[in-house]
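K.L.:
The amino acid sequence is not available; the structure is as follows:
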């Protein structure tokens, strides 16, 4: 029978670091693939917020209806 390999703290830390690096790589890959969609969403939300803000100032009834 063969004896099981003993794992050292260095092996464990290296495995954790490799896993974290893989997760970061996957997140960056998804962000890169969807960059135009995310940018469009940010711009769209910004425009919607500005329209709401100016409408609320200009028409007080909107401020009363949409107050949170």
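P.N.:
Arrived safely. This one's a predicted model, so the numbers in the text were calculated from it and none came from an experiment. Residues are numbered from 1 along each chain as shown.
K.L.:
going forward, measure contacts and count neighbours with C-alpha atoms only.
P.N.:
Will do.
K.L.:
next helix or strand past the strand or helix carrying residue 21?
P.N.:
Using DSSP states H and E, residue 21 maps to helix 9-33. Scanning forward in sequence from helix 9-33 by DSSP H and E, the next helix or strand is helix 35-58.
K.L.:
quick check: angle from that following helix to helix 9-33?
P.N.:
60 degrees (axes from the mean of the first three to the mean of the last three Cα atoms, to 10 degrees).
K.L.:
what packs against helix 35-58?
P.N.:
helix 60-65 (3 or more Cα pairs under 8 Å, 6 or more residues apart in numbering; DSSP states H and E).
K.L.:
how distant is the helix holding residue 21 from the center of its chain?
P.N.:
Distance, stretch centre to chain centre, for helix 9-33: 16 Å (Cα atoms, centre = their mean, to the nearest Å).
K.L.:
who touches it?
P.N.:
The set of residues external to helix 9-33 that reach it, using Cα atoms under 8 Å, 6 or more residues apart in numbering, is empty.
K.L.:
shaky segments in the protein?
P.N.:
1-4, 62-63, 66-68 (pLDDT under 70).
K.L.:
rerun that using 80 as the cut-off
P.N.:
1-5, 55-68 (pLDDT under 80).
K.L.:
Share the number of residues neighbouring residue 38, please.
P.N.:
The number of residues packed near residue 38 is 13, by other Cα atoms under 10 Å.
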